[in-house]
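Participant: okay, predicted coordinates and the sequence, questions at the end:
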Amino acid sequence: RGSWVVELSAVLRWPQDSWCPRCGPGTASAPPSFSITVTSLLVVQNDWDKPIGRIGNALVGNGAMLDVRMSSHELPPVDGYDGLIVLPGLADPGDDDPAVHRTLALLEEAVGRGVPVLGLCLGGQLLAHALGGETYRSEDERGYREIWATEAAAHDPLLGGAPSRFEAFHAHAYAFLPPA
């Protein structure tokens with residue numbers, strides 16, 4: 001299997017003349033960049049208006065081939081892919097919805113096969129559930145918030161080169177606890 005690599009500067013960098021809603025005009029800072037290598041990624045998109053966007057641009061720019069599928073349709077098995085990305089969505093992780101069930105089953109398959117997974121928002125909540133963690137209703141969080149890495153992130157193939165603290169935009173009403 002290929003190893004994960006993302007040029008995060010291509011994903012997160014604000015142009016010098018851009019406006020950061022929290023910081024004001026021209027004040028957004030560029031994150032450090034790092035690279036890993038990927039080949040073929042299955043991307044599960046949960047809503048039509050929430051595509052992979054800048055992350056996809058960075059992955060394709062680093063040679064990855066993306067197979068983007070909507071969770072509202074049948075999803076292919078993960079074998080044959082070097083990784084899986086599950087994107088945000090308006091659904092809640094506990095919804096009794098065929099798309100949520102399909103995505104959760106795919107995540108469980110990926111975990112069982114040892115396929116690297118990146119879950120964002122709803123994708124992260126469903127991944128936590130697939131790993132035996134707990135999802136729960138939380139206070140709505142909307143806006144820029146600080147994120148900090150755990151010690152384990154320093155040795156992670158995807159997050160190892162990321163800063164220990166940075167700000168990112170949040171918009172969710174569910175959270176999760178990873179498995180013990």
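Facilitator: Nice, thanks for sending it over.
Participant: quick one: low-confidence parts of the protein?
Facilitator: Under the criterion pLDDT under 70, the flagged ranges of the chain are 1-38, 158.
Participant: helix or strand for residue 56, which one?
Facilitator: Residue 56 is located in helix 53-61, with elements delineated by DSSP states H and E.
Participant: how about that helix: buried residues?
Facilitator: Within helix 53-61, the residues scored as buried using 16 or more other Cβ atoms under 10 Å are 55-56, 58-59. Quick note: C-beta positions are derived from backbone N, CA and C, even for glycine.
Participant: quick one, the next helix or strand after it and helix 53-61 angle?
Facilitator: The element immediately downstream of helix 53-61 (helix or strand, assigned by DSSP H and E) is strand 65-70. Orientation of strand 65-70 against helix 53-61 (axes from the mean of the first three to the mean of the last three Cα atoms, to 10 degrees) gives an angle of 150 degrees.
Participant: out of the buried residues of helix 53-61, flag the one nearest to residue 144.
Facilitator: Nearest to residue 144 out of the buried residues of helix 53-61 is residue 55 (Cβ to Cβ; 17.7 Å).
Participant: contact partners for the residue nearest the centre of the chain?
Facilitator: The C-alpha lying nearest the average C-alpha coordinate of the chain belongs to residue 120 (Cα atoms, centre = their mean; 3.1 Å). Residue 120 sits next to 85-88 when contact means Cβ atoms under 8 Å, 6 or more residues apart in numbering.
Participant: nearest to residue 163, of those residues?
Facilitator: residue 85 (21.0 Å).
Participant: report the secondary structure state of the closest one.
Facilitator: At residue 85 the chain is in strand, as set by DSSP: H, G, I helix; E, B strand; the rest coil.
Participant: any idea how far it lies from residue 114?
Facilitator: Using Cβ to Cβ, to the nearest Å, residue 85 is found at 16 Å from residue 114.
Participant: tell me which of the two has more neighbours.
Facilitator: Neighbour totals were compared for residue 85 and residue 114, and residue 85 leads with 23 against 9 (other Cβ atoms under 10 Å).
Participant: my read: the more buried one touches residue 46, true?
Facilitator: No - contact criterion Cβ atoms under 8 Å: residue 85 and residue 46 do not qualify, at 11.3 Å.
Participant: which neighbours do the two share?
Facilitator: residue 123.
Participant: what sits against residue 147?
Facilitator: Residue 147 neighbours (Cβ under 8 Å, 6+ apart): 165-168.
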